[in-house]
Each structure stands twice: as structure tokens, then as C-alpha cells.
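Undergrad: Sequence and predicted structure below; questions after.
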Amino acid sequence: MKSSTKDTVKGTFHEAKGKAKEMAGKITDNLKLEAKGKAEKISGKAQKKIGQVKKVLGS
């Protein structure tokens, strides 16, 4: 599997996982879990963008 595809897939996974944590934090009123979820979601979005850039550049 190409590096760009791996980054895109991993980014999508982390984005979904972060969203789930964020929602769980909101439901349980756990601010720490909600913050971790937001951070992971943002990190996933960034990783996904890196994969897209790599694909355009041919890496």
C-alpha cells in the first residue's frame, strides 16, 4: 500500500475515533475525554491531508 493511501486511511480512522471520544465526553460530561477526542479528530484530519498532498506530489 502506498504511503499516501496509508496516511489517508489512518487519518480517517483517527478522525472517526476522535469524533466518537468527543461525543462520549459530551454525553458523560467528561471534559478531559471530550478534549482528547477533539485533539485526535484534528490530528486525523491533518494526517488525511498529508496523505492527499503526498498523492498529488506522487510520493
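TA: Ah, there it is.
Undergrad: And the helices in this protein, which stretches?
TA: 3-27, 31-57 (DSSP state H).
Undergrad: how many degrees apart are the longest one and helix 3-27 in direction?
TA: Which is helix 31-57. In terms of direction (axes from the mean of the first three to the mean of the last three C-alpha atoms, to 10 degrees), helix 31-57 departs from helix 3-27 by 160 degrees.
Undergrad: The residue nearest the centre of the chain: what's it in contact with?
TA: When C-alpha atoms, centre = their mean is applied to the chain, the residue found nearest the centroid is Gly44 (1.8 Å). Applying C-beta atoms under 8 Å, 6 or more residues apart in numbering, we find Gly44 in contact with Lys10, Gly11, Thr12, Phe13, His14, Glu15, Ala16, Lys17, Gly18. To be clear about C-beta, it is placed using only N, CA and C from the backbone, and glycine gets the same treatment.
Undergrad: Please convert these to TSV, extending it with pLDDT.
TA: Formatted as TSV, those follow (pLDDT from 0 to 100):
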residue	pLDDT
Lys10	93
Gly11	93
Thr12	95
Phe13	96
His14	95
Glu15	96
Ala16	97
Lys17	97
Gly18	97
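Undergrad: With neighbour count and distance to Val53 as added columns, please give the residues you listed in a markdown table.
TA: Formatted as a markdown table, these follow (neighbours: other C-beta atoms under 10 Å; distance: C-beta to C-beta, whole Å):
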| residue | neighbour count | distance to Val53 |
| --- | --- | --- |
| Lys10 | 15 | 14 |
| Gly11 | 20 | 11 |
| Thr12 | 15 | 15 |
| Phe13 | 13 | 18 |
| His14 | 19 | 17 |
| Glu15 | 19 | 16 |
| Ala16 | 13 | 21 |
| Lys17 | 15 | 22 |
| Gly18 | 20 | 20 |
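Undergrad: low-confidence ranges in the protein?
TA: 59 (pLDDT under 70).
Undergrad: Before I go, just wanted to say thanks for your time.
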